[in-house]
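Peer 1: Pasting the sequence and the predicted coordinates here, then a few questions.
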Amino acid sequence: MEKTVVISLGGSIIYPDEPDYSLMEEFKGLIKEFINESNFIIYCGGGKLARNLQKEASSKGDVSQEELDWIGIEATRKNAEMLKKVFGDIASEKIIIDPTEEINIEKPVVIAAGWKPGWSTDYDAVLVARNIGAKMVINMSNIDHVYDSDPNKNPDAKALKSINWGEFRKLVGDSWEPGLNMPFDPIASKEAEKIGLKVVVIGKSLGNLKDVLEGKGFEGTVIE
């Protein structure tokens, strides 16, 4: 396992309908099992909190894409604050916003949140991996695999064990929209392919995360 593990943690895990403190505590408990071996940078997504706020803002009148993105970014920061409180004294006091700045890992866990419009937290996680020289990002969300087509539209969609970046980018396209819900966003995917990063998509199972961290077989998709 790498010295610093980067996890892109979907907001759907932190805030499915309301803050899921029980799951966050379980997540903390699992991470604590590994902090003698590795440090962790955990990027918090916006999830349903972001989408609810964006939907509410849009219902009030015309809202630009940039404004919707800022709303999503604020949601990621609220989720990051909640997660930092759960991790307590094993997490750094500072929440990382800029993934390109020099990162001083003073505690075993560093919590991070969205930076600027047009960039998802998946993309931020890729940039922080590039920044620190990590070779892999673990992607946890409410999506458990990459499928060969949209499983919400095609009941016969097949879950994939692995896929290369070229094929994956054909599936997800090239554009980012605020609130986009897919295994790994298109802009992040383009950068990940460019730097030769491996992304592991595993859904929200903590047992699955443990298997990845222990180097065991897991349910999910490897993109590389």
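Peer 2: Noted; the coordinates are in hand. Numbers count the residues shown, from 1 in each chain.

Peer 1: Spell out the secondary structure type for residue 138.
Peer 2: Classification of residue 138 into helix, strand or coil gives strand, according to DSSP: H, G, I helix; E, B strand; the rest coil.

Peer 1: quick one: which helix or strand includes residue 28?
Peer 2: Under the assignment given by DSSP states H and E, the secondary-structure element containing residue 28 is helix 21-32.

Peer 1: Distance of residue 163 relative to residue 84?
Peer 2: As defined by C-beta to C-beta, to the nearest Å, residue 163 lies at a distance of 33 Å from residue 84. Glycine gets a C-beta too; all of them are placed from N, C-alpha and C.

Peer 1: quick one on the thing from earlier: walk me through which strands the next helix or strand after the helix holding residue 28 pairs with, and which way each runs.
Peer 2: Secondary structure here is assigned by DSSP H and E; on that basis, the next helix or strand after helix 21-32 toward the C-terminus is strand 39-44. Strand pairing for strand 39-44, determined by DSSP bridges: strand 4-9 (parallel), strand 109-112 (parallel).

Peer 1: As TSV, the ones you listed with mean neighbour count, distance to residue 36 and mean pLDDT would be great.
Peer 2: Compiled in TSV, these are given as follows (neighbours: other C-beta atoms under 10 Å; distance: least, C-beta to C-beta, whole Å; pLDDT from 0 to 100):
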stretch	mean neighbour count	distance to residue 36	mean pLDDT
strand 4-9	25	13	96
strand 109-112	26	13	98
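
Peer 1: With respect to residue 204, which of those lies nearest?
Peer 2: Of all the strands paired with strand 39-44, strand 4-9 sits nearest to residue 204, with 9.2 Å by C-beta to C-beta.

Peer 1: residues making contact with that closest one?
Peer 2: Outside strand 4-9, the residues that touch it by C-beta atoms under 8 Å, 6 or more residues apart in numbering are 27, 34, 38-45, 83, 105, 121-122, 125, 128-129, 132, 134, 136-141, 184, 209, 213.

Peer 1: now the next helix or strand along the chain from it, how far from the centre of its chain.
Peer 2: Later in the chain than strand 4-9, the nearest helix or strand by DSSP H and E is helix 11-14. If you compare the mean C-alpha spot of helix 11-14 with that of the full chain, they lie 9 Å apart, counting by C-alpha atoms, centre = their mean, to the nearest Å.

Peer 1: same deal with stretch 129-141?
Peer 2: For stretch 129-141, the distance between its averaged C-alpha position and the chain's averaged C-alpha position is 10 Å (C-alpha atoms, centre = their mean).

Peer 1: farthest residue from the center of this protein?
Peer 2: In the chain, counting by C-alpha atoms, centre = their mean, residue 61 sits farthest out from the average C-alpha position, at 29.9 Å.

Peer 1: So that residue lies in a helix, does it not?
Peer 2: No - using three-state DSSP, the secondary structure at residue 61 is coil, not a helix.

Peer 1: What separation is there between it and residue 67?
Peer 2: From residue 61 over to residue 67 (counting by C-beta to C-beta), the distance is 11 Å.

Peer 1: try residue 109
Peer 2: Distance, residue 109 to residue 67, using C-beta to C-beta: 32 Å.

Peer 1: for residue 209, same thing?
Peer 2: To residue 67, residue 209 is 34 Å away according to C-beta to C-beta.

Peer 1: So for those two, which residue has more residues nearby?
Peer 2: Neighbour tally, residue 209 and residue 67, criterion other C-beta atoms under 10 Å: the higher count belongs to residue 209, 24 against 15.

Peer 1: I'd assumed residue 139 was in contact with that one.
Peer 2: No - taking C-beta atoms under 8 Å as the contact criterion, residue 209 and residue 139 are not neighbours in contact, 10.6 Å apart.
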